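In: Please work out how this folds:
(chains A and B)
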Amino acid sequence: MLLVPCPNCGPRNAADMRYVGESGPRPDPNTATPAQWRDYLYTERNPAGLLRETWYCRSGCRTFFVVERDTTNNQFVHGPTRVTKLGGKA
Amino acid sequence: MSDRAGSEPAFESSVLRAYAPGSSNALTLSDESALAKTIVRAEAGSPASASLAVSFGSSRREGATLVLGQRPDEYMLIGSAQSNASIVARLDTSGHVSVIDHTHSRALFRLTGAQASATLEKVCSLDWSNAMTPDGAVVSASIAKVNCDIARNDREPVDAEPASASPSYLIACDRSFGQYLFDALIDAGGEFGIGVVTAADGLQE
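Out: A predicted model of the protein is given here:
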């Protein structure tokens, strides 16, 4: 069982969460090109190592938050940090 | 103009099946859905939030209403319609505040008994020990795959170990899952002799 550290609820089963995806800066919708939007929406780095990612506490406090996880051992090393749905800090 | 304009629709529970009495009263389940349920959304630190005076993850009793801090910016009032309405009437609704009556949209059950925690542990991944969820605790979690808000609301103080210890949980979920969740709790409590009892009139003292 993967325990995800929610900033409000504490460690919770990943089944109580929704994995939103890798976190990164959102392009400016007024200036971004279609290629930049496609890259933002669909391209993932999928590294073997530290990955900054967003989770949503679906069954608990319904908060979006960012954590940093080592994908080689599933250990959460940084966070959680509350964010808005679009990735900005809450 | 409809004849129903301005009138309160009659309450109808989501639990429609009839159940035989349980083998004992050590573990009981009741349908408390008829209690009024009001959800208040207010940002933390706002006047409305301050007047509700309950922090996230906890609850307090005010008159015939139990005030739950079920999310950082969301509160649920459970109790009599009059009591809920009197609390809402005192709220300062300036800013981003919403008050919505969920009496008809949320099912509410009470699971009580020495084996209530053990029953919940079969269908939910949270730790239901006294240390983690003492009387007054409020959590939201998946029970039998249904998103629920759960408040520990004991009828009597629960000591550490005595056989008479009787934790009691109020479990709220979307009305459409009510019958399923009721059956899932009966299934989980079957090995402990769970019995269905009639809901009390109003919140238990």
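
In: make it CA atoms for all contacts and neighbour counts henceforth
Out: OK.

In: Are stretch B:31-44 and chain A in contact anywhere?
Out: No - judged by C-alpha under 8 Å from any C-alpha of the partner chain, stretch B:31-44 makes no contact with chain A; its nearest approach is 12.1 Å.

In: can you give me the offset of that stretch from its chain's centre?
Out: Averaged C-alpha coordinates place stretch B:31-44 at 9 Å from its chain's average position (C-alpha atoms, centre = their mean, to the nearest Å).

In: what does chain B have sitting close to chain A?
Out: Applying the criterion C-alpha under 8 Å from any C-alpha, the portion of chain B that neighbours chain A consists of B:Q70, B:R71, B:P72, B:S125, B:L126, B:V139, B:S140, B:A141, B:S142, B:N147, B:C148.

In: And the furthest pair within those residues?
Out: Put simply, by C-alpha to C-alpha the two of the residues of chain B next to chain A set farthest apart are B:P72 and B:S125, 21.2 Å from each other.

In: quick one on the thing from earlier: may I see the residues of chain B next to chain A organised as JSON lines, with distance to A:L2 and secondary structure added?
Out: JSON lines is the format used below for those (distance: C-alpha to C-alpha, whole Å; DSSP: H, G, I helix; E, B strand; the rest coil):
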{"residue": "B:Q70", "distance to A:L2": "24", "secondary structure": "strand"}
{"residue": "B:R71", "distance to A:L2": "23", "secondary structure": "strand"}
{"residue": "B:P72", "distance to A:L2": "24", "secondary structure": "coil"}
{"residue": "B:S125", "distance to A:L2": "12", "secondary structure": "coil"}
{"residue": "B:L126", "distance to A:L2": "13", "secondary structure": "coil"}
{"residue": "B:V139", "distance to A:L2": "19", "secondary structure": "strand"}
{"residue": "B:S140", "distance to A:L2": "18", "secondary structure": "strand"}
{"residue": "B:A141", "distance to A:L2": "16", "secondary structure": "strand"}
{"residue": "B:S142", "distance to A:L2": "15", "secondary structure": "strand"}
{"residue": "B:N147", "distance to A:L2": "19", "secondary structure": "strand"}
{"residue": "B:C148", "distance to A:L2": "21", "secondary structure": "strand"}
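
In: tell me the pLDDT at the nearest residue to B:G95 once chain neighbours are set aside?
Out: Here the nearest residue to B:G95 in space, its sequence neighbours aside, is B:S46; by C-alpha to C-alpha, 6 or more residues apart in numbering or on different chains that works out to 7.7 Å. The score at B:S46 is 91. That number is its pLDDT.

In: roughly how far apart are B:S46 and chain A?
Out: To chain A, B:S46 is 16 Å away according to C-alpha to the nearest C-alpha, to the nearest Å.

In: Same question for B:S86.
Out: For B:S86, the distance to chain A (C-alpha to the nearest C-alpha) stands at 27 Å.

In: That residue looks like it's in a helix, true?
Out: Yes - counting by DSSP: H, G, I helix; E, B strand; the rest coil, B:S86 is found in a helix.

In: which neighbours does the helix-or-strand element of chain B with minimal mean pLDDT have in its sheet, and in what orientation?
Out: Comparing helices and strands within chain B by mean pLDDT, DSSP states H and E singles out strand B:195-197 as the least confident, with a mean of 91. Pairing partners of strand B:195-197, with direction, according to DSSP bridges: strand B:27-31 (parallel).
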